[in-house]
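Trainee: Kindly generate the corresponding structure for this input.
(one chain, ligands or ions: 1)
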Amino acid sequence: MNTISQILSSPGVHLSCEVFPPKQFSGIAQAAKTAKEIAALHPSFMSVTYGAAGSTPGHTLAIARAVAETGVTPLCHLTCVQSTQAHVTEVLAQMESEGIRNVLALRGDLPQSGERATDFQHAEDLIRFIHEHGSFCVGAACYPEGHPESMSRQSDMDYLRRKVDAGVDFLTTQMFFDNALLYNFLYRALRAGIEVPVCAGIMPICDPKQVARAVKLSGSIMPPRFAAIADRFADSPAAMTQAGIAFATEQIVDLVANGIRHIHLYTMNKPWIAQKIFSNLSEIIG
Ligand code: FAD
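Mentor: Numbering: from 1, shown residues only. Got it, this is the predicted structure:
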């Protein structure tokens, strides 16, 4: 299996996909089938998210295994803030024994109880820990609009620089719906001395209910053009799906036209949506 660094340094445009594991063990077979359908589109790599609060690492690994069986390189997400060093060591050892070479190192959501984390405070701590405990290509998250908890975009960028310096090989962005936000972020990142490849996260919104959730999750600014689409097609799921796919496709075309080479598609485990987008871009991604 390649590392994500190797993949991203190869020529051309890279379109990768994200899938998530099921909450219940009983959902693994279906999620693995979904992941394989998406893998059949030949994305550059596929990331598999980590359950909230790090509750189901085995599920992430099971889906990553299904991805690897197709020949597509898997990237396992790993969160830390609600975990211990002993637990993370165990998960890393299991990843290594299964030939997983790529990890997206994340802090994860803070516990709702307000309890303070002890072993890991920030993703930066996890990144150092991973490098001390194995040989992995390590990615991290970044936020074109700033992380929702951060005091300012500048302080978020300063912490991002620290995180990258701790040993990050590539970054993946939170979803965004206005490409100008990404271009501005990339400019500021370069000015901060961040030179690792950045995968631009695109989420096709095909369900009006997703709009509010996406805004809440990411703090994303929803461009008026998209708000109008969501408003107009809220009652027609088929029309909303078509409009959401068209919007995401247009975003990607604009990114590629402006020289962005790494795009990460949040598929929401919907192979038919990923298929449409790949097909819309067949001559553009090449
Ligand atoms: P950090 O990099 O630790 O940053 C969190 C906050 O702390 C920011 O405001 C930052 O500015 C600040 N900060 C960072 N370092 C320091 C420091 N040294 N000192 C003081 N402040 C600091 N969640 C999941 O549960 N599972 C997933 O699989 C998952 N995948 C994701 C994938 C992507 C691409 C993205 C963008 C997010 C994902 N998340 C996932 C959500 C993520 O866990 C949350 O956004 C979380 O709130 C922050 O994680 P982080 O790794 O960016 O944190």
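Trainee: since we're on Asp178, how many residues are nearby?
Mentor: For Asp178, the number of neighbouring residues by other C-beta atoms under 10 Å comes to 18. Using the backbone N, CA and C atoms, a C-beta is placed for each residue, glycine as well.
Trainee: so who does it touch?
Mentor: With contacts defined as C-beta atoms under 8 Å, 6 or more residues apart in numbering, the neighbours of Asp178 are 221, 223.
Trainee: Kindly report the residues of this protein close to the ligand.
Mentor: Applying C-beta under 6 Å from any ligand atom, we find that the chain lies next to the ligand at 49-50, 52, 77, 79, 106-109, 122-124, 141, 147, 149-150, 156, 159, 162-163, 172, 174, 201.
Trainee: Just the buried ones from these?
Mentor: Among those, those classed as buried by 16 or more other C-beta atoms under 10 Å are 49-50, 77, 79, 106-108, 122-124, 141, 147, 150, 156, 163, 172, 174, 201.
Trainee: can you give me the helices in the stretch 51-200 of the chain?
Mentor: 57-69, 85-97, 123-132, 153-165, 179-191 (DSSP state H, counting those that start in this stretch).
Trainee: could you dump those helices to a markdown table with mean pLDDT and distance to Tyr266?
Mentor: As requested, the helices of the stretch 51-200 of the chain are arranged in a markdown table below (pLDDT from 0 to 100; distance: least, C-beta to C-beta, whole Å):
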| stretch | mean pLDDT | distance to Tyr266 |
| --- | --- | --- |
| helix 57-69 | 96 | 15 |
| helix 85-97 | 96 | 22 |
| helix 123-132 | 98 | 19 |
| helix 153-165 | 98 | 20 |
| helix 179-191 | 97 | 14 |
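Trainee: Switch those helices over to CSV; also include distance to Cys17.
Mentor: As requested, the helices of the stretch 51-200 of the chain are arranged in CSV below (distance: least, C-beta to C-beta, whole Å):
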stretch, distance to Cys17
helix 57-69, 9
helix 85-97, 19
helix 123-132, 22
helix 153-165, 24
helix 179-191, 18
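Trainee: Out of these, which gets nearest to Val211?
Mentor: The stretch from the helices of the stretch 51-200 of the chain with the least distance to Val211 (C-beta to C-beta) is helix 179-191; that distance is 16.7 Å.
Trainee: Just the pLDDT at Glu13, thanks.
Mentor: In this structure residue 13 is Val, not Glu. We have a pLDDT of 97 for Val13.
Trainee: List the residues that contact it.
Mentor: Contact analysis of Val13 by C-beta under 8 Å, 6+ apart lists 256, 261-263, 284-286.
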